[in-house]
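1. I'd like to go over a predicted model; first the sequence, then the structure.
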There are 2 protein chains.
Amino acid sequence: MDRIVECVPNFSEGRRTDVVARLVESVESVEGALVLGTHVDTDHNRSVITFVAPPRTAVEAAVRVVARAAELIDLNAHAGQHPRMGACDVLPFVPVRGVGVEECVALAHRAGERIWRELGIPVYFYESAALRPERKNLADVRRGGFELLREEIGTNPERAPDVGESRVHPTAGACIIGVRPLLIAYNVTLNTRDLSVARRIARAVRERDGGLLHLKALGFELESRGVVQVSMNLTSYERTSLHQAFEAVRREAESLGVEVISSEIVGLVPQAALFAAAAHFLKLENYSPDLVLENRIAAALERKKNEGV
Amino acid sequence: MDRIVECVPNFSEGRRTDVVARLVESVESVEGALVLGTHVDTDHNRSVITFVAPPRTAVEAAVRVVARAAELIDLNAHAGQHPRMGACDVLPFVPVRGVGVEECVALAHRAGERIWRELGIPVYFYESAALRPERKNLADVRRGGFELLREEIGTNPERAPDVGESRVHPTAGACIIGVRPLLIAYNVTLNTRDLSVARRIARAVRERDGGLLHLKALGFELESRGVVQVSMNLTSYERTSLHQAFEAVRREAESLGVEVISSEIVGLVPQAALFAAAAHFLKLENYSPDLVLENRIAAALERKKNEGV
């Protein structure tokens, strides 16, 4: 797969495991779509499927799983603390390899058109796919959830969908489709119990307060371990890298007399981020992806495949 | 490709580029064999082809390229400083993924049987494939080259081949087949012109003189850059890693008041070695190959392929 889009649909169902299994099945019924993982949250009665596919295939698989969710999930019978306004509540497209943000926005819009036309579910676009500035932020779009949207959609022009008529689908609600960057969730653990230290470091390193670009950070306590953590999101790891984030936290920690114990990746990390970190710390002067045996094998396979055509 | 063997045949031809091209062609004529690179050394009149393949395919491609070399190369007309005793002079098999040393030895032996039976070229086995302890070392097997072997093979029992009759192939000589580990060639550059510093560090870090296991090291001068280098071979990177080698050199250098400027990979590096380095320097507490997006995609592809069968 040279061109990869990741799709991370969130569903308003986290208790009936057979329903989640049938959602996964519908993604996998599309040739070329690969489910990488499923996260089922019983407490919130919500689940998340992560799949990858080539661009057009991603749209097909997305539409198919939204259709399956509409068949199997009735929001009128759904309860859970997490805000939601759709059976398939949120549907983010994420550019992973060989695909840019603009192309993903086009895919998101195409998926939205089909979801309205084929399923009668009204669609809102958020983040990079947003058509209105006030819809950039997902939480703003989802305000009040299914129940409030059902009341307001027909009367409040501010809540008119981006695609479709101004009425919710009676059981599947609405679907919020977006494009967001591939992000790395990365935590660095410090040898102190002092939460104010983690918070101070978070402020020093994050973009919002003048730190590193494309870096979000918060300080947290890990009570069970008696330590604190700087919990980060890297929203553009090619520009602000894993190792820059790590080094920035270490530097700030040192200046406060605190040590970095360890770090952890939450979820998945693209190999390029680890290669870049290795190259940085080893001071590799000649690093290029072409030096990696497996990349060379993949390139040779690709070349041979193309010659065969 | 889940199971990968690398094969690195060395040929006694480095000037006639059409001959080298036909050797490459014969490897690629085998379905599933992938040429990763070709190194042609005009000075030594010698060339090296690196290819990978699943285990059985590797044997087929190896036999086919040795046959092609025997057709195209006549040692009686070959001149070059590098010691050699075959048209295809050396044929190492290297376990890369999902294949152990023992299986590679079996492959090497099978290739040897076929090369004698089908091509009439006598075969010697070296390193892990050696059948006699005095043949472990390639240089010992190759002593005196084609010309001396031709004289001695019929009369000196110590030079009898491991497979085949005691006579050289009239134009293709003999073939030396072995199994050696995947090695990483890795150089660390220091900010000094003092060669004795590089030599002293090399002695401190290498296995031979009580340093790190599976590490070979020499000190060299880089005259053009006015610096020196510790040039290393890691013969078992899972046991003595890239980052351990780097850190050992850095430590020794620091103790001599010298700094590491940079490092470089010569040839190829397996991705696992870079992942391990990243995990080490980032102090990743939860690193596993399963965290890497591309590995997860490959695993999902594999799973789907197997379900399809």
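-> Nice, thanks for sending it over.
2. strands along the stretch 151-300 of chain A, start to end?
-> A:175-179, A:184-190, A:215-222, A:227-234, A:260-266 (DSSP state E, counting those that start in this stretch).
3. which residues of the stretch 201-309 of chain A lie near chain B?
-> When proximity is defined as C-beta under 8 Å from any C-beta of the partner chain, the stretch 201-309 of chain A approaches chain B at A:242-243, A:246, A:260-265, A:268-271, A:274-275, A:277-287, A:291-297, A:300-301, A:304. The way it works is simple: take the backbone N, C-alpha and C, and place the C-beta from them, glycine included.
4. can you say which of these are buried?
-> Listed as buried from those are A:242-243, A:246, A:260-265, A:268-271, A:274-275, A:277-284, A:287, A:291-297, A:300; burial here means 16 or more other C-beta atoms under 10 Å in any protein chain shown.
5. gap between stretch A:64-77 and the chain center?
-> 21 Å (C-alpha atoms, centre = their mean, to the nearest Å).
6. helices of chain A, start to end?
-> For chain A, helices defined by DSSP state H occupy the ranges A:17-28, A:55-72, A:101-119, A:138-142, A:145-152, A:195-205, A:242-255, A:271-281, A:293-308.
7. contacting residues for the residue lying closest to A:V228 once chain neighbours are set aside?
-> Residue nearest to A:V228 in three dimensions, not counting chain neighbours: A:A198, with 3.8 Å by C-beta to C-beta, 6 or more residues apart in numbering or on different chains. Each residue near A:A198 by C-beta atoms under 8 Å, 6 or more residues apart in numbering or on different chains is listed here: A:L190, A:T192, A:G219, A:F220, A:E221, A:V228, A:Q229, A:V230.
8. which of those sit farthest apart?
-> Spatially, the most separated pair among these is A:T192 and A:F220, at 12.5 Å (C-beta to C-beta).
9. where do the contact lists of these two overlap?
-> Between them, A:T192 and A:F220 share these contacting residues under C-beta under 8 Å, 6+ apart: A:A198, A:V228.
10. tell me the most buried of the strands of the stretch 151-300 of chain A?
-> Ranked by mean neighbour count, these are led by strand A:175-179 with a mean of 27 (mean count of other C-beta atoms under 10 Å in any protein chain shown).
11. so that one versus helix A:101-119, what angle?
-> 160 degrees (axes from the mean of the first three to the mean of the last three C-alpha atoms, to 10 degrees).
12. from the contact counts, what lies against strand A:175-179?
-> strand A:88-97, helix A:101-119, strand A:123-127, helix A:138-142 (3 or more C-beta pairs under 8 Å, 6 or more residues apart in numbering or on different chains; DSSP states H and E).
13. at 10 Å what do you get?
-> Using 3 or more C-beta pairs under 10 Å, 6 or more residues apart in numbering or on different chains; DSSP states H and E as the contact test, the elements touching strand A:175-179 are helix A:55-72, strand A:88-97, helix A:101-119, strand A:123-127, helix A:138-142.
14. do the third one and chain B meet?
-> No - with C-beta under 10 Å from any C-beta of the partner chain as the criterion, chain B is not reached by helix A:101-119; the gap is at least 16.2 Å.
15. can you give the distance of that helix from its chain's centre?
-> On C-alpha atoms, centre = their mean, the centre of helix A:101-119 falls 17 Å from that of its chain.
16. that older thread, of all the helices of chain A, which one is nearest B:R203?
-> helix A:271-281 (25.0 Å).
17. what helices and strands are in contact with that closest one?
-> Helix A:271-281 packs on helix A:242-255, helix A:293-308, helix B:242-255, helix B:271-281, helix B:293-308, going by 3+ C-beta pairs under 10 Å, 6+ apart.
18. for whichever residue of the stretch 1-150 of chain A sits closest to chain B, the count of nearby residues, please.
-> Residue nearest to chain B within the stretch 1-150 of chain A: A:L34 (4.0 Å; C-beta to the nearest C-beta). Around A:L34 there are 23 other residues, counting by other C-beta atoms under 10 Å in any protein chain shown.
19. which residue sits closest to it, ignoring its sequence neighbours?
-> Counting by C-beta to C-beta, 6+ apart, the residue nearest A:L34 is B:A300, at 4.0 Å.
20. so what's that neighbour up against?
-> Contact analysis of B:A300 by C-beta atoms under 10 Å, 6 or more residues apart in numbering or on different chains lists A:E28, A:A33, A:L34, A:V35, A:L36, A:G37, A:F51, A:V52.
21. picking up where we left off before, just put the strands of the stretch 151-300 of chain A in JSON lines and tack on mean pLDDT.
-> Shown next, in JSON lines, are the strands of the stretch 151-300 of chain A (pLDDT from 0 to 100):
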{"stretch": "strand A:175-179", "mean pLDDT": "98"}
{"stretch": "strand A:184-190", "mean pLDDT": "95"}
{"stretch": "strand A:215-222", "mean pLDDT": "93"}
{"stretch": "strand A:227-234", "mean pLDDT": "94"}
{"stretch": "strand A:260-266", "mean pLDDT": "95"}
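22. tabulate the ones you listed in CSV, adding columns for distance to A:G145.
-> Conversion of those to CSV gives the following (distance: least, C-beta to C-beta, whole Å):
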stretch, distance to A:G145
strand A:175-179, 11
strand A:184-190, 25
strand A:215-222, 25
strand A:227-234, 24
strand A:260-266, 26
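23. backbone torsions only: list them for the closest residue in space to A:N76 that isn't next to it in sequence.
-> Computed as C-beta to C-beta, 6+ apart, the closest residue to A:N76 that is not its neighbour in sequence is A:T171, at 6.4 Å. Torsion angles at A:T171 (phi, psi; degrees, to the nearest 10) stand at phi -120, psi -30.
24. A:T171 contacts A:C88, correct?
-> No - the pair A:T171 / A:C88 is not scored as a contact, 11.9 Å apart, by C-beta atoms under 10 Å.
25. and the two? which has more neighbours close in?
-> A direct count of neighbours by other C-beta under 10 Å for A:T171 and A:C88 places A:C88 higher, at 31 against 17.
26. contacting residues for the more buried one?
-> Contacts of A:C88 (C-beta under 10 Å, 6+ apart): A:9-13, A:23, A:49, A:62-63, A:65-70, A:73, A:115, A:119, A:121, A:172-177.
27. 6 Å - rerun?
-> Neighbouring residues of A:C88 by C-beta atoms under 6 Å, 6 or more residues apart in numbering or on different chains: A:P9, A:F11, A:V66, A:A69, A:C175.
28. need the contacts of B:A300 in TSV (columns: pLDDT).
-> Shown next, in TSV, are the contacts of B:A300 (pLDDT from 0 to 100):
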residue	pLDDT
A:E28	94
A:A33	96
A:L34	95
A:V35	95
A:L36	93
A:G37	90
A:F51	96
A:V52	97
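29. ok, and the most crowded of these?
-> A:V52 (27 neighbours).
30. OK, contacts around it?
-> Contacts of A:V52 by C-beta under 6 Å, 6+ apart are A:I4, A:E6, A:L34, B:I297.
31. pLDDT at A:I73, what is it?
-> Per-residue confidence at A:I73 stands at 98 (pLDDT).
32. please apply the same query to A:D2.
-> 78.
33. excluding its backbone neighbours, what's nearest it?
-> A:G98 (5.2 Å).
34. what angle sits between the least confident helix or strand in chain A by mean pLDDT and helix B:17-28?
-> The helix or strand with the lowest mean pLDDT-type score in chain A, counting by mean pLDDT, DSSP states H and E, is helix A:293-308 (a mean of 85). Comparing the axes of helix A:293-308 and helix B:17-28 via the same axes, to 10 degrees yields an angle of 90 degrees.
35. got a list of what the residue in the stretch 101-250 of chain A positioned nearest to chain B touches?
-> For the stretch 101-250 of chain A, the residue closest to chain B is A:F246, as judged by C-beta to the nearest C-beta, at 5.3 Å. By C-beta under 6 Å, 6+ apart, the contact set of A:F246 is B:L282.
36. all good on my end, thank you.
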